[in-house]
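**Q** build me a model:
(one chain, ligands or ions: 1)
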Amino acid sequence: MNAIEELLKKQGYSDKGINLYINKEYFGEMKHPSINYSYTGPCGDTIEIFIKLFDNKIIDVKFLTIGCVGAFIACSALTSLIKGKLLEEAEMINEKQIKEYIGKMPPEKLDCICLAKRTLNKAIKKYKCTTLKDGIRRLKD
Ligand code: FES
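**A** Purely as a prediction, here's the structure:
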């Protein structure tokens, strides 16, 4: 275990959470996403999510964050949980399931999970509104 991993362990993160932070599997940008949304929470941290859909299924997902360790871990967990899911299934994943996926986390970092989930919810909501407006426009044409 290296110095950063030891520090994170002392702060109260689970081994799974530490691995999510170290590996950052879905961290990065995506070209031509179906959904792209950026949200800044009350703590001042920003999360951006990119989703690629095929037949309403999440075939790829990425995130960026200007945020704390908790934000990286929460986003990594959330993106791992939603990849391969239908959009409606991804929407149903709640904060408790994200927390269970991560395991132990410092109590003051639980808000980071809420911020990640809120960003996803807002991204999906914007996508659905845009899709609906496009459908209405096509009906009027
Ligand atoms: Fe803002 Fe962690 S404190 S996301």
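**Q** distance of the spatially most central residue of the chain from the ligand?
**A** In the chain, the centroid-proximal residue (C-alpha atoms, centre = their mean) is residue 75; its distance is 3.9 Å. Distance, residue 75 to the ligand, using C-beta to the nearest ligand atom, to the nearest Å: 9 Å. Any C-beta I mention is one placed from the backbone N, CA and C, and that applies to glycine too.
**Q** how about the residues of this protein near the ligand?
**A** Contact residues (C-beta under 6 Å from any ligand atom) of the chain with the ligand: 41, 43, 45, 67, 68, 70, 71, 112, 115.
**Q** so which of these belong to helices?
**A** 70, 71, 112, 115 (DSSP state H).
**Q** residues near the second one, how many?
**A** Taking other C-beta atoms under 10 Å as the neighbour definition, residue 71 ends up with a count of 25.
**Q** is it true that it touches residue 44?
**A** No. Taking contacts as C-beta atoms under 8 Å, residue 71 lies outside contact range of residue 44: 10.8 Å.
**Q** quick revisit: what's the nearest residue to the residue nearest to the centre of the chain if we skip its chain neighbours?
**A** residue 63 (4.3 Å; C-beta to C-beta, 6 or more residues apart in numbering).
**Q** just the buried ones from the residues of the chain next to the ligand, in ChimeraX syntax?
**A** Restricted to buried positions by 16 or more other C-beta atoms under 10 Å, the ChimeraX selection for these reads:
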select :41,45,67,68,70,71,112,115
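**Q** can I get the residues of the chain next to the ligand in JSON lines with pLDDT and distance to residue 6?
**A** Below are these laid out as JSON lines (pLDDT from 0 to 100; distance: C-beta to C-beta, whole Å):
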{"residue": "41", "pLDDT": "96", "distance to residue 6": "28"}
{"residue": "43", "pLDDT": "96", "distance to residue 6": "25"}
{"residue": "45", "pLDDT": "97", "distance to residue 6": "24"}
{"residue": "67", "pLDDT": "92", "distance to residue 6": "22"}
{"residue": "68", "pLDDT": "96", "distance to residue 6": "18"}
{"residue": "70", "pLDDT": "97", "distance to residue 6": "17"}
{"residue": "71", "pLDDT": "97", "distance to residue 6": "21"}
{"residue": "112", "pLDDT": "97", "distance to residue 6": "21"}
{"residue": "115", "pLDDT": "98", "distance to residue 6": "26"}
